[in-house]
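Asks: pasting a predicted model and its sequence here:
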Amino acid sequence: MGGGGAAGADAAFGIPTQGPSGFRGLISNKKALGLATFASLGGVLYGYNQGVFAQVQVMYDFQRRYQAVLGDPDLSQEALDDSVDAVKKGLLTSILELG
């Protein structure tokens, strides 16, 4: 929360802190640094995959190959764009995300 609290203790809960806080505390605590790095790496990779899948799903060739999942096989490009069911598209994205 905001600054101005008692030094060395959490003002809201009265819990004493151990060691430095902020970036120095993260560097000095290797376990916290490892967990923070692992979590941020997972977020970066998840975001990258979402961006790639979003671009793949709008490709005409992808829509033609997966027409049974995405919509009616006899539709034109414009109709394909409008007919895709959001639930099916989300399910397909999650399956691709899982590998």
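Replies: All right, it came through fine. Numbers count the residues shown, from 1 in each chain.
Asks: what about the helices in the chain?
Replies: 22-28, 30-57, 60-65, 67-70, 77-83, 86-98 (DSSP state H).
Asks: so which of those helices is the most packed in?
Replies: Of all the helices of the chain, helix 67-70 carries the top mean neighbour count, a mean of 14, counting by mean count of other C-beta atoms under 10 Å. Every C-beta, even on glycine, is put in place using the N, C-alpha and C of the backbone.
Asks: that helix - what's its average pLDDT?
Replies: Averaging pLDDT along helix 67-70 yields 69.
Asks: on that earlier part again, lowest-confidence stretch among the helices of the chain?
Replies: helix 77-83 (a mean of 58).
Asks: now do Phe38 against Gln55, distance only.
Replies: 27 Å (C-beta to C-beta, to the nearest Å).
Asks: nope, Ser21 is what I meant
Replies: 41 Å.
Asks: let me see the contact set for Tyr46.
Replies: Glu97 (C-beta atoms under 8 Å, 6 or more residues apart in numbering).
Asks: equivalent analysis for Gly25, please.
Replies: Gly19, Ala32.
Asks: swap the cut-off to 7 Å and go again
Replies: Gly25 makes contacts with Gly19, as judged by C-beta atoms under 7 Å, 6 or more residues apart in numbering.
Asks: tell me the pLDDT of Pro73.
Replies: For Pro73, pLDDT reads 56.
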